[in-house]
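Visitor: what would the 3D arrangement of this be:
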Amino acid sequence: MACQTLARRYPRISVEPDVIHIRDGRFLTSAGISAGIDLALALVEEDAGAEAARSVAQELVVFMQRPGGQSQFSAALSGPLAQDSVLRELMESVQAYPAAQHTVSGMADRAGVSVRHLNRLFRAETGTTPSQWLERVRLDAARALILEGHTVTRVAQRSGFGSDETLRRAFARQLGTTPTAFRERFATMAPGARWTLD
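Guide: Numbering: from 1, shown residues only. Below you'll find the model as predicted:
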């Protein structure tokens, strides 16, 4: 509707209704407020590089997808470490090696507690279950690996998901996107890196 009105009012301009932002010589336009943020981030990337643009996006708490209800790009999905010293040590060891064969029963054994007690500790300290927390730790690792330019297959292996499909399902569930779409939005392709299709 607005694009049609704009085209009618200013017939000498070419209206591109399907783009978020566009540059025509010295003129820059965007499709709205969120698109204006995208445009600003593109300008930061142009002037200061992709890493600076990612940093600014993180500071602005830019969402992966515009609809609400999705996790934020900037925040670590796994959240802060626990206050309980036993649980904190366990969490630190899992975060250090997210690709290890972690299971809830194995984590309970390492913490010296029952599975039931581990579930209670996690609920009290993180508001989530051990398996949900583990998935978020692995997603944090996967996001970092994607930003380094690794292939989706390599990211799945090194972050503990094991397979491309498991990684994709976790991305869809937690972030509402795919690993490849995440990479295209936030990462600079590393020289020589090859990506598998989603």
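Visitor: domain parsing for this protein?
Guide: Taking automatic domain parsing as the reference, the chain has its domains at 14-60, 85-186.
Visitor: next, format those domains as a markdown table and append mean pLDDT.
Guide: Shown next, in a markdown table, are these (pLDDT from 0 to 100):
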| stretch | mean pLDDT |
| --- | --- |
| domain 14-60 | 78 |
| domain 85-186 | 91 |
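Visitor: what number of residues lie near residue 9?
Guide: Residue 9 has 8 neighbours, counted by other Cβ atoms under 10 Å. (Glycine included, C-beta is placed from N, CA and C.)
Visitor: and the one 5 residues further on, by the same measure?
Guide: Burial of residue 14 is recorded as 9 neighbouring residues (other Cβ under 10 Å).
Visitor: state whether it is indeed within a helix.
Guide: No: applying DSSP: H, G, I helix; E, B strand; the rest coil, one finds residue 14 to be coil, outside a helix.
Visitor: would you map the strands across the chain?
Guide: Remark: strands assigned in the chain by DSSP state E are 21-24, 27-30.
Visitor: strands paired with the first one, and their directions?
Guide: Using DSSP bridges, the strands paired with strand 21-24 are strand 27-30 (antiparallel).
Visitor: returning to that earlier point: and among the domains of the chain, the most buried is which?
Guide: Of all the domains of the chain, domain 85-186 has the most neighbours on average by mean count of other Cβ atoms under 10 Å, namely a mean of 18.
Visitor: next, the distance between the ends of that domain.
Guide: By Cα to Cα, to the nearest Å, the extent of domain 85-186 from end to end equals 35 Å.
Visitor: figure out how far stretch 153-171 is from the centre of its chain.
Guide: 13 Å (Cα atoms, centre = their mean, to the nearest Å).
Visitor: and the contacts of it?
Guide: 98-100, 102, 134-135, 138-139, 141-142, 145-146, 150, 152, 177-179, 182, 196, 198 (Cβ atoms under 8 Å, 6 or more residues apart in numbering).
Visitor: start and end of it, how far apart?
Guide: 14 Å.
Visitor: any idea how far residue 95 is from residue 142?
Guide: 13 Å (Cβ to Cβ, to the nearest Å).
Visitor: residue 38 now?
Guide: 31 Å.
Visitor: thinking again about what came up before, which of the strands of the chain sits closest to residue 106?
Guide: Residue 106 sits nearest to strand 21-24 of all these, at 48.2 Å, using Cβ to Cβ.
Visitor: any chance you could list what contacts stretch 138-146?
Guide: Everything outside stretch 138-146 that qualifies as a contact, by Cβ under 8 Å, 6+ apart, is 76-78, 95, 98-99, 152, 154-156, 158-161, 167, 170-171, 174-175, 179, 182-183, 186-187.
Visitor: in helices only, show me these.
Guide: 95, 152, 154-156, 158-159, 167, 170-171, 174-175, 179, 182-183, 186 (DSSP state H).
Visitor: quick check, nearest of these to residue 120?
Guide: residue 95 (20.7 Å).
Visitor: and the domains of the chain: which comes nearest residue 3?
Guide: That would be, of those and by Cβ to Cβ, domain 14-60, which comes in at 4.0 Å.
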